[in-house]
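>>> Sharing a model that was predicted from the sequence below.
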Amino acid sequence: RRPKMANARRKEKTRLTYILSDGASNRFHRFGINSLATNRAFTTLYTAGRDSIVRQWDLTNIGTPRLFDGHCDWVNDILVSDEDNLLITASSDHTVKLWDLAGHEDRYTSSHTLFKHDDYVKAIAHAPGDRRLVSGGLDRSIVCWDLNTARATGKHALQKQTEGVYSLAMASSAVLVGAADGAVRLWDLRTPERLTMFKGHGDTVRALIVNSDGTRFLSASADCSFKLWDVGHQRCIATYDIHTDSVWALSASRDFNVVYSGGRDGCVFRTDLTRPATTDSMHSQLLCRSAAPVLKLAVAPNHTNMWVATTDSSIHNWPIIVDEDGRQSARSARSTRSRADDDGDSATPTVSPRVSHSTASIPGAAAICKAVILNDRAHVLTRNTENRVEKWSFVKGIRVVDYGTIDFDAQLEKEFERKAVPMWCSLDCHLGRLAIHLDESDVLSAWINAEAFGPEHKDSPKVNLGVLVIQALFREFQSQVRLHAHLQANQRDNRSRDEILAELHMIARRDMLTHTLFNMPPHTLVIIDRPGFVPVRFLLEDEGRSSTTSLLSTSCPTWVLDVLTTRVEKSKTNTTKLYFSFAADPAAEPAQRLDKIDSERLMGPPYLGLAILAKFVADALKNCPIDQIELVCNGEVLTPDLDLAAIRQFVWKKADDLLILYRRKPA
């Protein structure tokens, strides 16, 4: 389980997120593949990625996939209903989406979004021929949905001590729920009460499958085992202790005689359930060993091959080759795990797999796996899964430098600058791309001099990084809002739309409501996440469309509208002041000494630059030009790149008021 973001469980404020990418095609997955699904004929493969996109692959001729791009976070589970021609997806964005597979577009849009969970949706289940769907998540609840109406028909809560639902299986009206406490609960959708509980696992139940008549089921757990259960007798029939680490994936034959299992150890076993499991032999065969932990399996109906999804971004097809005896010692696997437990690490079984190489693969793309915001609070240094180091400007939305495969920490040291800009945003890369999060509480805290964007802006006033980014993200929407307001107020204005917009842009520039410092790329994805509502997402290239404008008019946060329609005054966005004073340098050489000036305790904004400080001293002295002034703090000659905040943080290093000494520059 990946670490949850700070506001994932209980969101209290609306958050604005924009996601950057290099503009490359979304053909391949970034990061791991959480789930797989196929159609009944095994000619189409659906892959759910941690990059928030589901892809559809034609297995008869693997080429460019069709995309199901509508979620805002990891897609954790998917299933296909051939009868309804429907794809169903569950995501960490708290939603379940229904996708109509009848279309032929390269990029699908969801037909319905089901929103009832308060946390990550980890699993979904659907019985063939049934028009009901069940979803479960980390909010410790399971929700039953009517696929005819796309509405919830019931919500059942687990005990408060249960951390959440991690797996589901469904047969008729019976639903099996796998939770973090290691128990499997049986619910009947016709009643609000739990029927029974199956105890036996010692850790989270990560996978469940049930046979067609609901009489037997299999459960896989993080305790390194999977179990076969009898529902009628409410007992465990057999425990299969063949993996050396958590078991995360199960796939069974239709007659429930054979099961395939995979897990964190990267191994995929085939187990014959018709033969009794003994201490020395469990009739399990190690089919293959993946280099990465196995998350999901999709086995062909004829059991000749299988697709394996892992924490890697690639998907591999492995042949299924079975020993005629169908029997393989499991003692070596258990003894290996015992040694691994003693060493505090995972190990692989000593037995050899039936095959050592996959026969086909769908490659993945590199994903950003590490990101550190630099001190200027405008750039970030990243490293991807191919160990390439890059520098991005997240206020311009572009990659600035590709350093190649170099040492990340060494480059991070080279990028260090003595700048003290407040942290006005947060950032993560859990989707394999840069996601920048803006919150009302601190988005307007970072004022800087416009000259930081280049010497051509040296005459421009100070700018606010958060304001610049919000204006760049909503430029088209801002124009539409202002145009609509103008037309409402001036119904008899006979000028063309372009003429009116030109005038409105001029007014916006005058009031500092827009700028030309930078433009975000059109493929930038924007997400508005409001507590209690379905997340809103759009690409900047679609912002000018009437449908997007209509959507934003009802979902755009108030604090964003304030930035777009009202001049943001300094008093509203930055109340921090720094106190300082000037004094003649008593240790200066005689030729460098200057007269004393009347300098009481002064106060200034953190972004006050050295040039302004030197000008103040020169104006007070009246007999020394500014280019002859040298400022010193704590024994260090101050350089032009420092502002008041940087001087305090990196030079003065005290809680007291700053003391800046001045003297004449040496000849």
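It's in. Numbers count the residues shown, from 1 in each chain.
>>> give me every residue that touches P65.
By C-beta atoms under 8 Å, 6 or more residues apart in numbering, the residues touching P65 are 27, 55-57. Where C-beta positions appear, they are placed from N, C-alpha and C, glycine not excepted.
>>> Quickly note the distance from it to T47.
Distance check for P65 against T47: by C-beta to C-beta, to the nearest Å, it reads 8 Å.
>>> so what sits against both of the two?
Joint contacts of P65 and T47 (C-beta under 8 Å, 6+ apart) are 55, 57.
>>> coming back round to it: tell me the one among the contacts of P65 nearest to Y108.
Of all the contacts of P65, Q56 has the smallest distance to Y108: 8.1 Å, by C-beta to C-beta.
>>> Which pLDDT value belongs to the closest one?
pLDDT for Q56: 94.
>>> Isn't it up against N39?
No - using C-beta atoms under 8 Å, Q56 is not in contact with N39, being 9.7 Å away.
>>> the more surrounded of the two?
Q56 (20 against 16; other C-beta atoms under 10 Å).
>>> how about R537, what does it touch?
Contact analysis of R537 by C-beta under 8 Å, 6+ apart lists 70, 72, 525-528.
>>> possible to save those residues as TSV with pLDDT and distance to I78?
Formatted as TSV, the contacts of R537 follow (pLDDT from 0 to 100; distance: C-beta to C-beta, whole Å):
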residue	pLDDT	distance to I78
G70	91	13
C72	93	16
L525	94	21
V526	96	25
I527	96	21
I528	95	25
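>>> Which one of those residues is nearest to P640?
Ranked by distance to P640 (C-beta to C-beta), the contacts of R537 are led by V526 at 36.6 Å.
>>> now the closest one, nearest residue through space, not along the chain?
Take V526 and drop its neighbours on the chain: the residue closest to it by C-beta to C-beta, 6 or more residues apart in numbering is Y18, 5.0 Å away.
>>> taking the contacts of R537 one by one, which sit in strands?
Using DSSP state E, 525-528 are the members of these that sit in strands.
>>> Quick one: those residues as a markdown table, columns for neighbour count too.
Below are these laid out as a markdown table (neighbours: other C-beta atoms under 10 Å):
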| residue | neighbour count |
| --- | --- |
| L525 | 19 |
| V526 | 21 |
| I527 | 19 |
| I528 | 20 |
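>>> Same list, those, but as TSV with distance to A502 please.
Listed next are those as TSV, based on distance: C-beta to C-beta, whole Å:
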residue	distance to A502
L525	29
V526	26
I527	31
I528	29
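>>> Nearest to M170 among the residues you listed?
Using C-beta to C-beta, these come closest to M170 at I527, 31.1 Å.
>>> Next up, the contacts around R545.
R545 neighbours (C-beta under 8 Å, 6+ apart): none.
>>> actually M170, not the one I typed
125-127, 130, 132, 134, 176, 210.
>>> Try it again at 7 Å.
By C-beta atoms under 7 Å, 6 or more residues apart in numbering, M170 lies in contact with 125-127, 134.
>>> Also G70?
Contacts of G70 (C-beta under 7 Å, 6+ apart): 97, 109-110.
>>> ok, 10 Å please
52-54, 89, 91, 93, 95, 97, 99, 107-110, 113, 535, 537 (C-beta atoms under 10 Å, 6 or more residues apart in numbering).
>>> Pull out the buried members of these.
52-54, 89, 91, 93, 95, 97, 99, 108, 110, 535, 537 (16 or more other C-beta atoms under 10 Å).
>>> Now for the protein, the helix or strand with the poorest mean pLDDT.
helix 331-343 (a mean of 43; mean pLDDT, DSSP states H and E).
>>> and whichever helix or strand comes after that helix, what does it pack onto?
Next along the chain after helix 331-343, taking DSSP states H and E as the criterion, comes strand 360-362. Packing partners of strand 360-362 (3 or more C-beta pairs under 10 Å, 6 or more residues apart in numbering; DSSP states H and E): strand 305-310, strand 315-319.
>>> Let me have those in CSV, extended by mean neighbour count.
Listed next are the helices and strands packed on strand 360-362 as CSV, based on neighbours: other C-beta under 10 Å:
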stretch, mean neighbour count
strand 305-310, 24
strand 315-319, 21
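>>> Export stretch 400-416 to CSV, keeping only CA atoms.
Extracted in CSV, the C-alpha atoms of stretch 400-416 (Å, rounded to 0.1, in the frame of the first residue of the first chain):
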residue,chain,number,x,y,z
VAL,A,400,14.1,22.7,-18.8
VAL,A,401,17.1,20.4,-18.9
ASP,A,402,17.6,16.6,-19.4
TYR,A,403,20.9,15.8,-17.7
GLY,A,404,20.8,12.1,-18.7
THR,A,405,21.9,9.3,-16.3
ILE,A,406,23.9,11.2,-13.7
ASP,A,407,24.0,11.1,-9.9
PHE,A,408,20.8,12.7,-8.6
ASP,A,409,22.2,13.8,-5.2
ALA,A,410,25.3,15.3,-6.8
GLN,A,411,23.2,17.3,-9.3
LEU,A,412,20.9,18.4,-6.5
GLU,A,413,23.9,20.0,-4.7
LYS,A,414,24.9,21.8,-7.9
GLU,A,415,21.4,23.2,-8.2
PHE,A,416,21.5,24.7,-4.7
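>>> What separation do you get for P353 and S253?
On the measure of C-beta to C-beta, P353 and S253 end up 20 Å apart.
>>> more crowded one of these two?
A count of neighbours by other C-beta under 10 Å puts P353 above the other of P353 and S253, at 20 against 15.
>>> From D265, how far off is that one?
Taken as C-beta to C-beta, the span from P353 to D265 is 12 Å.
>>> Name the residues contacting each of these two.
Common neighbours of P353 and D265 (C-beta under 10 Å, 6+ apart) are 289-290.
>>> Helices of the stretch 501-650 of the chain, start to end?
546-555, 558-565, 570-573, 610-621, 644-646 (DSSP state H, counting those that start in this stretch).
>>> Need the residues that contact the fourth one.
Residues outside helix 610-621 that contact it (C-beta under 10 Å, 6+ apart): 449, 451, 458, 580, 582, 584, 594-599, 602, 604, 608-609, 624-631, 638-644, 646-647, 660, 662-664.
>>> Let's see that with 6 Å instead.
Contact partners of helix 610-621, identified using C-beta atoms under 6 Å, 6 or more residues apart in numbering, comprise 597, 624, 626, 629, 638, 640, 642, 662.
>>> Phi, psi for the last one please.
So that's Y662. The phi/psi pair for Y662 (degrees, to the nearest 10) reads phi -130, psi 150.
>>> how far away is the nearest residue to it once chain neighbours are set aside from I660?
In this structure, Y662 finds its nearest non-sequential neighbour in V617, 4.9 Å apart by C-beta to C-beta, 6+ apart. For V617, the distance to I660 equals 9 Å [C-beta to C-beta].
>>> again with A292
A292 is 56 Å from I660, by C-beta to C-beta.
>>> Which one's more surrounded, the two?
Neighbours per residue (other C-beta under 10 Å) separate A292 from I660, with I660 holding more: 25 against 17.
>>> Quick check: that one touching V632?
No - in this structure, I660 is not within contact of V632 by C-beta atoms under 6 Å, at 7.3 Å.
>>> host element of G154?
Per DSSP H and E: strand 151-157 holds G154.
>>> Give me the contacts around stretch 650-667.
Applying C-beta under 6 Å, 6+ apart, the set of residues contacting stretch 650-667 is 418, 579-583, 585, 588, 592, 594, 617, 628, 630-634, 636, 648.
>>> Narrow the contacts of helix 610-621 to just the buried residues.
Buried among the contacts of helix 610-621 by 16+ other C-beta under 10 Å: 624, 629, 638, 642, 662.
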